[in-house]
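Engineer: pasting the sequence and the predicted coordinates here, then a few questions.
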Amino acid sequence: MTSIELEIKLLHMLITDMTMQEFEAGLAISRTVIVPFGSIEEHGSHLPLGTDTFHAYELAKLTATLTKVFVMPPVWYGLCRSTSQHPGTIGIASPALRELVMSMCRSMYAQGLRQFVLISGHAGGTHMATILDSADNLIEELPDAGFAVLSILDLIAGLPDGLIETPEDAHAGEVETSLMQFLKPELVTGTSSREFPEFPKFIIVRDKLRYWPGGVWGDPSKASKAKGQRILKEEARLLAELVKKLRDIR
């Protein structure tokens, strides 16, 4: 491989596509890695079960075109509590997720990576708390390592005003439907009804489907392919800014 060919391949820094020599060369360019997390989880009757993972991975790859950063393959499994009874949701328990995060990051650290951006397309509260707790422990364990932990909902909160029409849109609604119409249109099947579930406060319910029958939190009817393209572009810009900020913090 010529130096020009190597330079072209290192533009995207996808770890799965690199040889060991290319990975080693990449460390001279960047020691930052984005680790996309997702889930196998219901997304209404119109979106694929892999929506969260597709989103996080494509976002990571797009971000890598804006700033020099390695991209890990996505973690397909997450902690799915509220949707655990919906057909197709296949999750893992908190201890398994925690051990996975910590083992992966220790191994990446041993290979020379130092800044870790853990971005999750699945934004469940318990899921995110587990990843955050793992990173909090790792930063004490690994000298000179840096961590950023966030979900796509954190990025969406920073999108320009007026881009998202539906207040509180969070799951299989306007945002995710728009993104899938742009990223995976062949996997979008029609639409689903607008839905905003209300679980009883402070109470752990056994019959989760009773309170969230449709599996949507938002309004899919407001979605569009053009909106999905713009959302992803804006998310990548925000994530690239976070990557640069993480490198500057010691």
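Structural biologist: Nice, thanks for sending it over.

Engineer: the helix or strand hosting V117 packs against which elements?
Structural biologist: Here V117, judged by DSSP states H and E, is contained in strand 115-120. Under the contact definition 3 or more Cβ pairs under 8 Å, 6 or more residues apart in numbering; DSSP states H and E, strand 115-120 sits against strand 32-37, helix 51-63, helix 94-110, helix 125-141, strand 146-151, helix 225-248. C-beta: built from backbone N, CA, C; applies to glycine.

Engineer: could you rerun that using 7 Å?
Structural biologist: Judged by 3 or more Cβ pairs under 7 Å, 6 or more residues apart in numbering; DSSP states H and E, strand 115-120 is in contact with strand 32-37, helix 51-63, helix 125-141, strand 146-151, helix 225-248.

Engineer: possible to save these as JSON lines with distance to V71?
Structural biologist: Formatted as JSON lines, those follow (distance: least, Cβ to Cβ, whole Å):
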{"stretch": "strand 32-37", "distance to V71": "5"}
{"stretch": "helix 51-63", "distance to V71": "5"}
{"stretch": "helix 125-141", "distance to V71": "17"}
{"stretch": "strand 146-151", "distance to V71": "15"}
{"stretch": "helix 225-248", "distance to V71": "11"}
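
Engineer: now those in JSON lines, with mean pLDDT, distance to D161 and mean neighbour count?
Structural biologist: Listed next are the helices and strands packed on strand 115-120 as JSON lines, based on pLDDT from 0 to 100; distance: least, Cβ to Cβ, whole Å; neighbours: other Cβ atoms under 10 Å:
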{"stretch": "strand 32-37", "mean pLDDT": "98", "distance to D161": "27", "mean neighbour count": "26"}
{"stretch": "helix 51-63", "mean pLDDT": "98", "distance to D161": "21", "mean neighbour count": "24"}
{"stretch": "helix 125-141", "mean pLDDT": "97", "distance to D161": "25", "mean neighbour count": "17"}
{"stretch": "strand 146-151", "mean pLDDT": "98", "distance to D161": "20", "mean neighbour count": "20"}
{"stretch": "helix 225-248", "mean pLDDT": "97", "distance to D161": "12", "mean neighbour count": "17"}
